[in-house]
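Trainee: need coordinates for the below:
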Amino acid sequence: MTGTASGRSVLHRLRGAFGVVGLAYLALCIGLLVWAIVVSATDDSGESMAGVIPIFAAAPGSLVLLVLPESAVMLVAAILFGALVNAAIIGWCTRVLRRGGRPDPAP
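Mentor: Here you go, the predicted structure:
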């Protein structure tokens, strides 16, 4: 799978945007979300609190959208929004720390 004009793969562009650590965090949040959905779907009592774990993993971004109308779709959207925002911040921090105070090279 290659990108549009640049010819870079989607994974390469994601790594450039989020960094390796940000992608690992994003994968962890998606894994926790899938786990929570499976656990909640198989719980017969309807009292599963598994959704709390991915919300806290993607906080504080997930808490911003959590106040919207209650539904499963909004819960998933809140967690994905929080995870993407946090992964972008983690990627930016790793780039800045890796640079070590040196200015950005001229484009």
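Trainee: what about Phe18, neighbour count?
Mentor: A total of 23 residues lie near Phe18 under the criterion other C-beta atoms under 10 Å. The way it works is simple: take the backbone N, C-alpha and C, and place the C-beta from them, glycine included.
Trainee: and it, which helix or strand is it part of?
Mentor: Using DSSP states H and E, Phe18 maps to helix 10-42.
Trainee: in stretch 45-65, what's buried?
Mentor: For stretch 45-65, the buried set under the neighbour-count rule, 16 or more other C-beta atoms under 10 Å, comprises 50-51, 53-55, 57-58, 61-62, 65.
Trainee: equivalent analysis for stretch 90-103, please.
Mentor: Neighbour counts over stretch 90-103 (16+ other C-beta under 10 Å) mark 90-91 as buried.
Trainee: then stretch 12-26?
Mentor: By neighbour count with 16+ other C-beta under 10 Å, stretch 12-26 contains the buried residues 14, 18-19, 22-23, 25-26.
Trainee: hmm, which of these is lowest in pLDDT?
Mentor: Lowest pLDDT within the buried residues of stretch 12-26 is found at Leu14 (73).
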